[in-house]
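A.B. asks: Mind looking at a prediction? Sequence and model below.
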Amino acid sequence: MRKVGIVILALIVSIFSFNGNEIFKKDIRNRLVIQGIGIDVEDDGKYSVTIQAIDTDAQSASSSDDASKPPLKTFNVKGDTIYTAIKSVTELEGKLPLYSQNRIIILGKSITEENMDDVIDFFVRDVENSSSVCIAAAEKTASEILKAKNGEEYISARNIEIAINSSEYDGRIFRMQLYELINRYNSSTKDFAIPLLSVVEKDKEKSVEITGTALFNNTKYREKVSKEETVFLNMLYDRINNSALSYDYEDGKKVSLNIIEAKTKRKVRVENGKPTFEILIKLKADITEINGGVSAKMELQEIDKISRAGENYIKNDSEKLIYKMYNGYNSDAVGFGRLLYIHETEFFKENEKNLDSVLQNSKFEVEVSLEIRRIGHEFVV
Amino acid sequence: MELSKGKISAFQFFTMLFLSRTLTTVTYLSSYTENIRLSDMLIQPFFRIIIGSIIMIPLYFLYKRNTDKNLLDIVNSKSKLVARGLSIIFVLFFFYFTVVTIARLDLFAGTIVFPETDLTYILIFAIVLCCYGAFLGFEALGRSSVISSAFVIPALIFIMITLVKKVDFLNLTPIFYNGVTPVVKVAIDSVGQTVEYAIIALALPRVTGNVKKGFFIWLISQTFLMAVMFFFACTVMGNFASTQLFPFHTLASLAEFAMFSRLDAIFTSVWIMCAFIKAGLLIYLQSDILTTYFGKFRRTTFIFAIGIITIIANLFVSGQIKWFNFIDNSMIKIVLTLITVVLIPLLVLMLFRKEKRVCEKLE
Amino acid sequence: MSENWFQKKIDEITVKDNNSTEKRFVDTDLQKNVMYIKQQFGDAFDVKYRKYNASGKEVYFIMVDGMCDSLLATEQVILPIIEADFSSESGDKLIHSAADRVSASIDKSITNDIDEAIREAIYGSIIMLTEGSHFVIMFGVQGFPKRAVLEPSTEMQERGSREAFVESFKDNVTMIRRRVRNPVFKTQIVEVGTTTKTRACVCYMSDRVDKKMLENIVERLKNSTLDTVLGSGYLQPFLDTKYSSIFSGVGFTERPDVLTAKISEGKICIIVDGTPNALIVPYLFVEHFHSLDDYLKRPYYATFIRVLKLISFLFSVFLPGLYVAVCTFHQEIIPETMIFGITGQESRTPLPIMFEALFIHLIYEIVREGGLRMPKTVGHAISIVGALVIGESAVTAGILSAPMLIVVGLTAVSSFVVSTLYEPVAVLRFAFIIVGGISGLYGIMLCFAAVLINASAINPYGVPFTSPLSPTKIGAWRDLIFRAGWKNMSKGRMQVNKLEK
């Protein structure tokens, strides 16, 4: 027992002699809980990092304990690297930054149009940073997004992340997490898509909105697609779960659907040295609204009509988007190149270096099957 | 030391080896497989089964003749001097693996858990506790392994289940993209990292029950675990896996369950649990060999000495990535495994055969 | 060197017991015997010496007042003897004849060891000596005050019997006899404590007990080097594993029905005179989660309660340590909805989280200990002070955080669910707080592994403490956490020595 005592004593002595109070510096009281990080590049080539964090002092002082809406503060720091910039927050705040609760990384236009490599490396290397953090691009600067105020309060990074995560229910948003980005980053095409953010001011009230999806080619920003087009981007990528869709199915008649189930099957075959991609989009949807003349009793033929019109609508717009992506922006954001790599490995090996032109000259056959499940609270004849 | 010479059941023994091997799987470092595509890693474990079975053949024949003696005891019955020499080789082999096990834990702790803290006390703390485990003996280690596995296996399954949602088959790569050779190389490399074969060589006589069945279940289960882990690493993370130092830890950090979004803590627990069992077992075996063949001192004294040397060795490696890369060298491991598991049993078998021939001639 | 120094310091303040077992025989000279007894008792006011003349033969009755039932002694022992005709008998013959004169309902035994006679007299027997005899006769007429059989105070059961053990071991054995109407229930008396000469009654069922285990236990009891034995807890270390362990392979119960259940599984129980608690060996870890009520209620509910107990046990050991570890090193685990609240609350407090946890748990233990030792009438004051001072004021004053109080509250309640494990749990909790505070989850897991292996090493009688989890005995899992119904369980009874290895 005495020996055990001596060992415990020796350990305690060694702990405090090696670390002293260091171990307590990392406890939650001494951490700056970061909610969002925005990165821009200044004209002088230095990184400008905007950090949105929880204002613990204000939270402690406030009598309200509303944990769901903590007071926020922002810091703008500069440095040669992102690490040196972020490190200087400690000087300002006297607390160690805690990255693990960071909800979003916003990349300014100056970053997305020029060089993302160094930015990404920091977040991959840092152990505290979550691999599943959301990535978004700013139409202008990241700083503008994180510093945007609605009245007296900052628009929280957490709310922006929640909006991006709503992609599960809204196909108009394309979500990208850090680990997915790196995965695409290290693929042969290095093409990907990330949501695009912008500050919108209406009636003197500011808000941060997702304005569409930014398409990247070889890690550089190429063009933006609208939120409506993003639905088809998600469909082509087999990333759609639940979304709203509206289109004209007859002259003057517009239908709105709620997509309940979606599955995209993608195949590739090489014929005469030219790849053909078969894309079969299968959707199940409910009718939620029909504009342009209420019909008290809906006929079954009308449902077929809606279904066929929907299939055509999705097919046409998807094909348009594919053309736009490959021929307009040269971006393989939906990963058809990857499909070629998996299923037509030999062909891929031969054409790896000129993959962009191969994809541009490829044939894309889109087929859509739209099944209407329910029509809402309306009688069918 | 009433526990030191006790026997344990095949179930306890192979559970202990399963945890020990699980540690090697979960602490898998990306640096080992630079030239292999991710999906090939899914195939690689099945090559392991074949290679793992083949290298055990000499030991199988050896134990077929001598069921109640371990490799060193068999040699000891012929030549005490040679047995002593071999015992030193085994002790050094186990010592090397102990240092590597702790060094990996240290690298993990230093990189992931405490990047800004001096790890000396944590290192000492871990080794002291492993020595304590070794002191309590083979039976206690065996028993605690079974209970630990009741935490470890469900924890791993839980992590995998939470990752199912994130599986993307588009992340798979073509199989044998660079041919079969790299896959076989990685499989050999993986077998070389398996100290458990040498443990079997020494501890098997102290195991009761159906050992053959136990061995194959162990071999298949750890291969299956490996394949499943690689499957999730490939399909969830894709190329991101190769950018991470400890890909399986990163994989666990992606797991989400309800409002808990970082399940890597569970993974860390699995890792530490397995490391404790493995290091404890290795230290125990070293002390047991030394007590048997150099029995001037008590087992406790040997454990104390091994603990001190392990601390010194690990302090030397701790925080030095260059030294870590040097000692965690797969070539060293393969050579050592081949010597202890294949070469020595083979030589002993040949010696037996020669003796048999001489006897037959004399007759 | 240090050991010698430490031993010397111990020797300075201790006296070695004289364990001389030299027997002193009864002398044929009555006066010599009486003188010896008087010498042993000195001026003890409660020792009564009565000299009578039985058919012209001088006889001495010696008894300790208060320990004997005086009426019983007079009517059933003294009167029949002095009124009997012993004219033709003397010496040893008289002693044996006297035994026949006394009613059969009175315990009687004859010895030639005078010290044994003295011990019996102390324990409420009336002893009789006569001239020319080599023997002393002892009549069991105990009548010392004893507590009535009351309800159990620590092992409360909803549906079980309301009887608990008392201090008198004979009454305790009687309570078991009433439950086992079968001669397989056996008892064996072992005297422990060189000064107190306390009687330990080893109880078992002869048809199912492991004989080697029984011998081992009796041997250990005999070899216990104790001077005084004032409770069964004194004997626990002598029956336990030889390794230092935070858990014990020896259990205890205050319920005769529980004891009966244990011996029916082939276990051995030791009832120590003067203690209302019996020891049970071997005792397994899982048994801490079992209670008699489990067997009296429906199996699904029993299983549910056991799961609850297991969760409570884990909470009570790990929760504070985990909270400290997570808040100090692994903030990433905290769900985002909780981190805001915790950060806000914790940043108001002056102490590092580890010290805050140690402080509040220390206070909790003080309050608990105070409440336990305080007279019952003022005991509730403790809870008021505890709740008001610690709960309300400390949080308002910013000394403690509310999440920490929730943790301590949950821990405190959980720790009483498995009350038999309170001792290890209380100590482990502090250990895990410290380890969690200095090395996070890493240290907690390492310590957990060490505790696990420590528990796995407990194996004093060949039945490991961790059985039937490990060594895995699937058959015994019908009554582990899950409890099978009686129809299933009645197909064969569990025998503890089958859980070996």
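C.D. replies: Nice, thanks for sending it over.
A.B. asks: quick one: A:L283 is in a helix?
C.D. replies: No. Applying DSSP: H, G, I helix; E, B strand; the rest coil, one finds A:L283 to be strand, outside a helix.
A.B. asks: bridging residues for it?
C.D. replies: A:A262, A:L370 (DSSP bridges).
A.B. asks: Same check on the one 4 residues further on?
C.D. replies: Beta-bridge pairing of A:I287, defined through DSSP bridges, involves A:L257.
A.B. asks: give me the number of residues near it?
C.D. replies: A count of neighbours around A:I287, defined by other C-beta atoms under 10 Å in any protein chain shown, yields 21. The way it works is simple: take the backbone N, C-alpha and C, and place the C-beta from them, glycine included.
A.B. asks: any weak-confidence spans in the chain?
C.D. replies: Just going to use chain A. Low-confidence segments of chain A (pLDDT under 70): A:1-4, A:7-8, A:11-24, A:59-68, A:292-297, A:377-381.
A.B. asks: try again with chain C
C.D. replies: C:1-3, C:17-21, C:379, C:388, C:501.
A.B. asks: what's residue 247 in contact with, if anything?
C.D. replies: All of this refers to chain A. A:254-255, A:309-310, A:313 (C-beta atoms under 8 Å, 6 or more residues apart in numbering or on different chains).
A.B. asks: Wait, chain C was what I had in mind.
C.D. replies: By C-beta under 8 Å, 6+ apart, the contact set of C:F247 is C:285, C:421, C:424, C:454-455, C:458, C:465.
A.B. asks: Secondary structure added to these, as CSV?
C.D. replies: Shown next, in CSV, are the contacts of C:F247 (three-state DSSP):
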residue, secondary structure
C:F285, helix
C:L421, helix
C:P424, helix
C:N454, helix
C:A455, helix
C:I458, coil
C:F465, coil
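A.B. asks: ok, so of those, who is nearest A:R31?
C.D. replies: A:R31 lies nearest to C:P424 out of the contacts of C:F247, by C-beta to C-beta, at 33.8 Å.
A.B. asks: Now the residue nearest to the closest one when sequence neighbours are not counted, what are its backbone angles?
C.D. replies: Spatial nearest neighbour of C:P424, chain neighbours left out: C:I246 (4.7 Å); criterion: C-beta to C-beta, 6 or more residues apart in numbering or on different chains. Main-chain dihedrals, C:I246, degrees, to the nearest 10: phi -80, psi -20.
A.B. asks: From chain A, how far off is C:I246?
C.D. replies: C:I246 sits 11 Å away from chain A, going by C-beta to the nearest C-beta, to the nearest Å.
A.B. asks: what about that residue, how many neighbours?
C.D. replies: 15.
A.B. asks: my read: it touches C:L428, true?
C.D. replies: Yes. Counting by C-beta atoms under 8 Å, C:I246 does reach C:L428; the two are 6.6 Å apart.
A.B. asks: overlap in contacts of the two?
C.D. replies: Shared contacts of C:I246 and C:L428, counting by C-beta under 8 Å, 6+ apart, come down to C:V451.
A.B. asks: Write out the residues of chain C neighbouring chain B.
C.D. replies: Residues of chain C found near chain B, taking C-beta under 8 Å from any C-beta of the partner chain as the criterion, are C:242-243, C:326, C:329-330, C:332-333, C:335-338, C:438-443, C:445-450, C:452-457, C:459, C:464, C:466, C:469-472, C:501.
A.B. asks: Narrow those residues to those in helices?
C.D. replies: C:326, C:336-338, C:438-443, C:445-450, C:452-456 (DSSP state H).
A.B. asks: residue contacts, B:Q12?
C.D. replies: B:Q12 touches B:142-143, B:145-146, C:470-472, counting by C-beta under 8 Å, 6+ apart.
A.B. asks: List the contacts of the spatially closest residue to C:G386 that is not a sequence neighbour.
C.D. replies: Using C-beta to C-beta, 6+ apart and skipping the chain neighbours, the partner closest in space to C:G386 is C:V367 (4.3 Å). Going by C-beta under 8 Å, 6+ apart, C:V367 touches C:382-383, C:385-386, C:390.
A.B. asks: Many thanks, we can stop here.
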